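In: sequence first, predicted coordinates after that:
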Amino acid sequence: MSVRRLDASALRDWAHTAVGDLITHTDEINRLNVFPVADADTGTNMLFTMRAAWAQADAQASSDDVAEVAAALARGALQGARGNSGVILSQILRGLADVTASAAADRDGVLADVSGGLFGAALRHSVGLVVSSMGKAVPGTIVSVLQDAAGAAEDAVADDSELAYVVSAAADAAAVALDKTTAQLDVLAEAGVVDAGGRGLLVLLDAMSATLTGHVRPRDEYVPSPPHDHDIATAASVSPQFEVMYLLSDCDAAGVETLRRGLEQLGDSIAIATTHGAAQYSVHVHADDAGAAVEAALPLGTLSRIQITSLTGGPGARPTGGFARERAVLAVVDGSGAEELFEGEGAHVLRLGARDPVSAKDLLHALVNTGAAQIMVLPNGYVAAEELVAGCTAAIGWGIDVVPVPTASMVQGLAALAMHEADRQAVDDGYTMARAAAAARHGSVRVATEEALTWAGTCEPGDGLGIAGDEVLIVGKDVATAGAGLIDLLLAAGGELVTVLTGAGVDAAVGEALAEHVHREHIGTELVTYHTDHRGDALLIGVE
């Protein structure tokens, strides 16, 4: 059996595998969730936290420094932490980041891979970080499972075992410790379950083992036995009303302790975590007075990403899937001006790179970064069909509801975006946006680079070519002339609004000339021009 090194590439692959495995086990973990609140979201929270971590690490695709990738994982998890279990997960990843950063500093350079010793040290360091973030260790929780996994890893290291065996030993010890949690915590015994967070940790350790060895370790499904719905409901009924989370910046260590003491007076399940070198804390608490939990931090620093979730399923409950946003629009664009334009209209943007076309992986990464449960995608002619399907399919498998809107140009994308309403049902929103895109007749103008025979006659280098439906319909002496002719053709079937997007190197005088032409030749028709700085075609023209 070939064994892989835990280098930067393998660490990114582990994060990807961990997300996929958490998707597989989310329902199982959620069914086990009775502590600290029986809100059945531990699996979901760990999934979305790990997904945020993966997104940050995947952005380091060119890095060969395992410490740099580990730091990205920890940073992404902290910023995207969901729930109590997500905060704990962020600290487990921080343990790896801290240990690898220290090892890299000792080597005064890039850390090529993680040894068994470093892995064991990372798990042990994680125990301390998790306990520190929670304020105390509760037996029968993920802390118990993590402690035993760390101990087994350290024992394997002492026996001079290789990394793959160290990881395997940690995973097996976690499985044994997980079985013991039922007897360690009364609420688990009453519900007949093991600890949900501990089950999530076992998924992560098994994913690491699979990444290194290619072998998937079989585990029995953990199910409540026997289920005591009455006991679970009773536990939930006495819990605080709200889960409150936010990021706190510009706060020193003394302020954090002041905040912890204040939150202890308001509720329970308190977690305050940070990551290596970050001046930012992720704060989590369950409280009846959500406003007071937020106000407690106001004098101590700067708050952002405030999330208040009902723990009783009433008004204010978390949106589908635990995302920060329920629905978003992702537009694929080219040019700095286009990025500014679409963002100004409320869309998230995936901007084309300098050379490479948009891949399914690029699209998946951008979809994850929106943080939305439902996403309307505007490809705008920049994503090949097979890459669009592959990226959207992967996102759907990761729990995102994706609706691709058929936009073949950025002008069609703008027309679709103008009709977006997040309050509508997704299918209604997608249909309305698609109709708006289809109703926007569009074409482009590019500069001829050589003499050629077209459907509209012979062109010379430097001529403007008006193109619609992949055919050259206008040949003009310059870009402005060809643009005016193309606008005339597009308006032949009617229209009230002409949108012109000017590309890189196109003088502002071109837009002015087209505006004058429309004002003179098409009375009552409005023309708007944006300099998007896109490459390729000089002009993109749409008519609505």
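Out: Looks like it came in fine.
In: alpha carbons only for contacts and neighbour counts from here, please
Out: OK.
In: what's the neighbour count on residue 246?
Out: Residues contacting residue 246 under the criterion other Cα atoms under 10 Å number 23.
In: so the nearest residue to it once chain neighbours are set aside: helix, strand or coil?
Out: Once flanking residues are discounted, residue 246 sits nearest to residue 306: 4.3 Å by Cα to Cα, 6 or more residues apart in numbering. At residue 306 the chain is in strand, as set by DSSP: H, G, I helix; E, B strand; the rest coil.
In: show me what counts as buried in whatever helix or strand residue 19 lives in.
Out: In the assignment (DSSP states H and E), residue 19 maps to helix 8-32. Residues of helix 8-32 classed as buried by neighbour count (16 or more other Cα atoms under 10 Å): 8-26, 28-32.
In: and stretch 52-71, by the same measure?
Out: Across stretch 52-71, burial judged by 16+ other Cα under 10 Å covers 52-58, 60, 64-71.
In: minimum pLDDT in these, which residue is that?
Out: Confidence by pLDDT is poorest for residue 60 among the buried residues of stretch 52-71, given 82.
In: my guess is that residue contacts residue 69. True?
Out: Yes. Between residue 60 and residue 69 there is a contact under Cα atoms under 8 Å: 6.4 Å.
In: hang on, the earlier thing: what's near enough to touch the residue nearest to residue 246?
Out: Listed by Cα atoms under 8 Å, 6 or more residues apart in numbering, the contact set of residue 306 reads 244, 245, 246, 247.
In: what subset of these is buried?
Out: Neighbour-count burial (16+ other Cα under 10 Å) is assigned, among the contacts of residue 306, to 244, 245, 246, 247.
In: point out where this protein drops to low pLDDT.
Out: For the chain, the stretches flagged by pLDDT under 70 are 1, 35-39, 226-239, 276-278, 312-325, 355.
In: can you give me the domain assignment for it?
Out: Using automatic domain parsing, the domain ranges for the chain come out as 6-234, 240-318, 325-439, 441-543.
In: out of these, which is the most enclosed?
Out: Most buried of the domains of the chain, by mean neighbour count (mean count of other Cα atoms under 10 Å): domain 6-234, with a mean of 22.
In: how distant is stretch 66-73 from the center of its chain?
Out: Mean-position distance between stretch 66-73 and its chain equals 17 Å (Cα atoms, centre = their mean, to the nearest Å).
In: no wait, stretch 351-364
Out: Remark: stretch 351-364 is offset 16 Å from the chain centroid, using Cα atoms, centre = their mean.
In: what's the span of it, first residue to last?
Out: 13 Å (Cα to Cα, to the nearest Å).
In: just to revisit the earlier point, give me the subset of the contacts of residue 306 lying in helices.
Out: Per DSSP state H, helices hold no members of these.
In: turn those residues into JSON lines, columns for distance to residue 168.
Out: Below are those laid out as JSON lines (distance: Cα to Cα, whole Å):
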{"residue": "244", "distance to residue 168": "36"}
{"residue": "245", "distance to residue 168": "34"}
{"residue": "246", "distance to residue 168": "36"}
{"residue": "247", "distance to residue 168": "35"}
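In: out of those, which is nearest to residue 117?
Out: Nearest to residue 117 among the contacts of residue 306 is residue 247, at 32.8 Å by Cα to Cα.
In: surely that closest one is in contact with residue 301?
Out: No. Residue 247 lies out of contact with residue 301 (Cα under 8 Å); the separation is 9.8 Å.
In: and for these two, which residues touch both?
Out: Contacts common to residue 247 and residue 301, judged by Cα under 8 Å, 6+ apart, are absent.
In: which residues touch stretch 84-97?
Out: 42, 45-46, 49-50, 67-68, 70-71, 73-75, 77-78, 81, 119, 122-127, 129-130, 133, 197, 269-276, 282, 284-285.
In: go again with 6 Å.
Out: 45-46, 49, 70-71, 74, 77-78, 81, 122, 125-126, 129-130, 275 (Cα atoms under 6 Å, 6 or more residues apart in numbering).
In: for residue 103, give its distance to residue 130.
Out: Between residue 103 and residue 130 the distance is 21 Å, computed by Cα to Cα.
In: residue 396: what secondary structure?
Out: With three-state DSSP as the basis, residue 396 sits in helix.
In: setting the sequence-adjacent residues aside, check what's closest to it.
Out: The shortest distance from residue 396 to any non-neighbouring residue, by Cα to Cα, 6+ apart, is to residue 402 (6.3 Å).
In: ok, residue 99 next?
Out: Counting by Cα to Cα, 6+ apart, residue 99 lies nearest to residue 122, which is 5.6 Å off, once chain neighbours are set aside.
In: helix or strand: which one has that neighbour?
Out: Here residue 122 is assigned to helix 116-134, by DSSP H and E.
In: which strands and helices sit next to that helix?
Out: helix 83-107, helix 142-158, strand 267-273 (3 or more Cα pairs under 6 Å, 6 or more residues apart in numbering; DSSP states H and E).
In: now the ones you listed as CSV including distance to residue 439?
Out: Converted to CSV, those look like this (distance: least, Cα to Cα, whole Å):
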stretch, distance to residue 439
helix 83-107, 44
helix 142-158, 55
strand 267-273, 50
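In: got the contact list for stretch 182-190?
Out: Residues outside stretch 182-190 that contact it (Cα under 6 Å, 6+ apart) are 139, 140, 193, 194.
In: can you tell me which two in these are farthest apart?
Out: The span of the contacts of stretch 182-190, defined through Cα to Cα, is set by 139 and 193 at 14.5 Å.
In: contact partners for residue 364?
Out: Contact partners of residue 364, counting by Cα under 6 Å, 6+ apart, are 391, 395.
In: switch the cut-off to 10 Å
Out: By Cα atoms under 10 Å, 6 or more residues apart in numbering, residue 364 lies in contact with 55, 387, 388, 390, 391, 392, 393, 394, 395, 396, 398.
In: test my guess that residue 507 contacts residue 531.
Out: Yes. Residue 507 is within contact range of residue 531, at 9.4 Å (criterion: Cα atoms under 10 Å).
In: do a quick rundown of the strands in the stretch 351-500 of the chain.
Out: Applying DSSP state E, counting those that start in this stretch to the stretch 351-500 of the chain gives strands spanning 372-378, 401-404, 441-447, 452-454, 457-459, 464-468, 471-476, 497-502.
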